[in-house]
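**Student:** Provide a 3D model corresponding to the input given below.
(2 chains)
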There are 2 protein chains.
Amino acid sequence: MHGLTLHEDRVSGNAYKVRLIASLLNITIHEFFQYEISKGETRTSDFLSKINANGRIPVLQVGPDRYLPESNAACYYLATDSRLMPSDPWKHAQMLQWMFFEQSFVEPTIGTLRYWFKRTGEDNFSQEQQVVSPSKRESAEAALQVMDAHLATRDFFVDEEMTLADAVLYAYVHLAPEAGLDLACWTNLHAWCRRISSQSGFVSMDYPEADAT
Amino acid sequence: MHGLTLHEDRVSGNAYKVRLIASLLNITIHEFFQYEISKGETRTSDFLSKINANGRIPVLQVGPDRYLPESNAACYYLATDSRLMPSDPWKHAQMLQWMFFEQSFVEPTIGTLRYWFKRTGEDNFSQEQQVVSPSKRESAEAALQVMDAHLATRDFFVDEEMTLADAVLYAYVHLAPEAGLDLACWTNLHAWCRRISSQSGFVSMDYPEADAT
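**Tutor:** Numbering: from 1, shown residues only, chains lettered A, B, ... in the order given. Next up is the predicted model:
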């Protein structure tokens, strides 16, 4: 594998997914470039023409001209043929099911609310944020409920061991408190978070390598 | 492959994705069950306990107790090892990139606007719909622009031939006019739509098999 570079914002849960999978699989990311979304650093003409025309991070760079946006696609690329990826087609399909669930029902609810709370602050919400945040919260709670019920009879989302689905879901689920959601209300998810953080190779979001570049 | 059943709402673009991929690959879906979302038919206790705890369609049933929610996961399952799925890891990663792009930037913008226009009607929009619809339209236009620019130098999204990424993107892109967006403004996408609809095995959204059950 060519030397890997991660174009990211260190506070992004989507970027943490990529760092977490790399760490779990003992894959080295050689370089990290930081961008501040709020300063428009992912909307410069250079970024748009070269790194991601969609103006978003994280982007995993896997070669001189090979840029891979979409965190879950980057995670899949890193985890291909690894212990995190079931080869059985039915389990593989369920892994993808939960990865698409994450991108549709977790990231746009918990992730967006967290971003608004951290970056804007509730006192400075726009009219749109004021109107939308209650339904985002309701959708976040519904997603947490679906995941919690799913874990009532199993330790991990798809298989008897952790898969890529668990790793990508963990990123925003464990950040739920920063979106104003108390994970103690969802006991199975709470226990699952502890299970993930005790995995060999696990790194937390604020691990020191992030300061290296 | 066990006999396949699709739990769907015939007007759903997400359900159309699954029908389209099956048709392109000459895979028979044996049974179709229709649910009206607006009547709460995907929120009954029977549906939630058996078919999808997340209360959404489409769900591809691939065996007596095997239900697969998330349209893009169902499409991936159907297309595994087919001509629509590149085996090269880099192309495969790009295919997934566009499938996650679809679920993050196309379905929640074009798909949601279309649903609101068709099911609610602009005159009956709630306060939230009134506040959110302009930014959804803006995000839809931005996504169409990214896709149109990507197609300026290529016939398909990932490879020289159609892949699964093209098929899943087609579902909501070709429905953009029903969300109030005129595709004629994006000439590359417009030409790509015609390219997709001329593929062997293509079926339109209103093909008659949908009336069979």
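**Student:** rest of the way, CA atoms for contacts and neighbours
**Tutor:** Will do.
**Student:** Please list the residues of chain A that sit near chain B.
**Tutor:** Residues of chain A found near chain B (C-alpha under 8 Å from any C-alpha of the partner chain) are A:53-54, A:68-70, A:72-74, A:76-77, A:89-90, A:93-94, A:96-97, A:100-101, A:103-104, A:127-128, A:131-132, A:143, A:146.
**Student:** Contacts made by stretch A:93-112 with the rest, please.
**Tutor:** Contacts with stretch A:93-112, where a contact means C-alpha atoms under 8 Å, 6 or more residues apart in numbering or on different chains, come from A:13, A:72, A:85-86, A:136-137, A:139-140, A:143, A:157-158, A:163-165, A:168-169, A:172-173, A:175-176, A:179, B:68-70, B:72-74, B:76-77, B:100, B:103-104.
**Student:** what residues does the lengthiest helix in chain A touch?
**Tutor:** As assigned by DSSP state H, the longest helix anywhere in chain A is helix A:127-150. Here helix A:127-150 makes contact (C-alpha under 8 Å, 6+ apart) with A:105-106, A:109-110, A:113, A:157, A:173, A:181, A:186-189, B:53-54, B:127-128, B:131-132.
**Student:** any idea which helix or strand comes after it?
**Tutor:** helix A:164-173 (DSSP states H and E).
**Student:** so what secondary structure elements neighbour that next one?
**Tutor:** helix A:13-24, helix A:71-79, helix A:89-101, helix A:187-197 (3 or more C-alpha pairs under 8 Å, 6 or more residues apart in numbering or on different chains; DSSP states H and E).
**Student:** Just want the angle from the last one to helix A:127-150.
**Tutor:** For the pair helix A:187-197 and helix A:127-150, the angle between their directions (axes from the mean of the first three to the mean of the last three C-alpha atoms, to 10 degrees) equals 90 degrees.
**Student:** In terms of secondary structure, what does helix A:187-197 contact?
**Tutor:** Judged by 3+ C-alpha pairs under 8 Å, 6+ apart, helix A:187-197 is in contact with helix A:127-150, helix A:164-173.
**Student:** so can I have TSV of the ones you listed showing distance to residue B:27, mean neighbour count and mean pLDDT?
**Tutor:** Below are the helices and strands packed on helix A:187-197 laid out as TSV (distance: least, C-alpha to C-alpha, whole Å; neighbours: other C-alpha atoms under 10 Å in any protein chain shown; pLDDT from 0 to 100):
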stretch	distance to residue B:27	mean neighbour count	mean pLDDT
helix A:127-150	30	17	96
helix A:164-173	27	25	98
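**Student:** Distance to residue A:199 added to the ones you listed, as CSV?
**Tutor:** Listed next are the helices and strands packed on helix A:187-197 as CSV, based on distance: least, C-alpha to C-alpha, whole Å:
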stretch, distance to residue A:199
helix A:127-150, 20
helix A:164-173, 10
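**Student:** residues in contact with residue A:40?
**Tutor:** Residue A:40 sits next to no residue when contact means C-alpha under 8 Å, 6+ apart.
**Student:** quick one, the longest helix of chain A and helix A:164-173 angle?
**Tutor:** 140 degrees.
**Student:** how about the CA coordinates for helix A:127-150, as CSV?
**Tutor:** The C-alpha coordinates for helix A:127-150 follow below in CSV (Å, rounded to 0.1, in the frame of the first residue of the first chain):
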residue,chain,number,x,y,z
GLN,A,127,-33.8,30.2,12.6
GLU,A,128,-33.2,27.0,10.6
GLN,A,129,-31.2,25.4,13.4
GLN,A,130,-33.8,26.4,16.0
VAL,A,131,-36.6,24.9,13.9
VAL,A,132,-34.7,21.7,12.9
SER,A,133,-32.8,20.8,16.0
PRO,A,134,-35.8,19.3,17.9
SER,A,135,-36.6,16.9,15.1
LYS,A,136,-32.9,16.1,14.7
ARG,A,137,-32.8,15.2,18.4
GLU,A,138,-35.9,13.0,17.9
SER,A,139,-34.3,11.2,15.0
ALA,A,140,-31.0,10.8,16.9
GLU,A,141,-33.0,9.2,19.8
ALA,A,142,-34.8,6.9,17.5
ALA,A,143,-31.6,5.8,15.9
LEU,A,144,-30.0,5.2,19.3
GLN,A,145,-33.1,3.2,20.3
VAL,A,146,-32.9,1.0,17.1
MET,A,147,-29.2,0.3,17.8
ASP,A,148,-29.7,-0.3,21.5
ALA,A,149,-32.5,-2.9,20.8
HIS,A,150,-30.4,-4.6,18.2
